[in-house]
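Asker: Sequence below, structure please.
(one chain, ligands or ions: 1)
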Amino acid sequence: MPYSYDDDNIFAKILRGEIPNDTVLETEHSLAFRDIRPQAPEHVLIIPKGKYVSFDHFAQEATAEEITDFTRAVGEVCRKLGVAPGAAGGGYRLISNAGRDGVQEVPHLHVHVLGGRVLGPMLAHPA
Ligand code: AMP
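Answerer: Numbers count the residues shown, from 1 in each chain. Next up is the predicted model:
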């Protein structure tokens, strides 16, 4: 089934400036801001400015420029937060929830960057 984008989702409102956010990084095609309910000492969300619901939607329909910008933004956020192992950080985890089984709350693509402590097992309830 093709994706249809909900313009009323909370990240769309953030992008339109209707809701405040704690910005960490802004680029031409991406925005990174602190998660309102942090689950680790460092918890930042990176979103593309374009109307993409999930990672596979983005991978299929985004331009090469958007994909490059977004990928580099994720890396830059990791370095800015001081969690990038290549810059003496302790490491991080990237998560992008999609759809029902991924338990996605906000239907606008976002990558969570989590770090600042040892994060433990990947899933709370492994299969
Ligand atoms: P997900 O389950 O991957 O869709 O996660 C959505 C994330 O968005 C959650 O971690 C929420 O805490 C976060 N969130 C929801 N509203 C806001 C907001 N206004 N500002 C920052 N983060 C938010």
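Asker: Looks like Val106 contacts Asn9 (just checking).
Answerer: Yes. If you go by CB atoms under 8 Å, Val106 and Asn9 touch, sitting 5.6 Å apart. Where C-beta positions appear, they are placed from N, C-alpha and C, glycine not excepted.
Asker: residues touching Glu28, list them.
Answerer: Glu28 sits next to 49, 65, 69 when contact means CB atoms under 8 Å, 6 or more residues apart in numbering.
Asker: Let me know how buried the closest residue to the first one other than its chain neighbours is, in neighbour terms.
Answerer: Spelled out, it's Lys49. Counting by CB to CB, 6 or more residues apart in numbering, Lys49 lies nearest to His29, which is 5.4 Å off, once chain neighbours are set aside. Close neighbours of His29, defined as other CB atoms under 10 Å, add up to 19.
Asker: For His29, give me its contacts.
Answerer: Neighbouring residues of His29 by CB under 8 Å, 6+ apart: 48-50, 65-66, 69-70, 73.
Asker: Val106 now?
Answerer: Counting by CB under 8 Å, 6+ apart, Val106 has contacts 9-11.
Asker: looking only at pLDDT, what's the mean for the longest strand anywhere in the chain?
Answerer: The residue-count maximum for a strand in the chain (DSSP state E) belongs to strand 42-48. Strand 42-48 shows a mean pLDDT of 99 in the predicted model.
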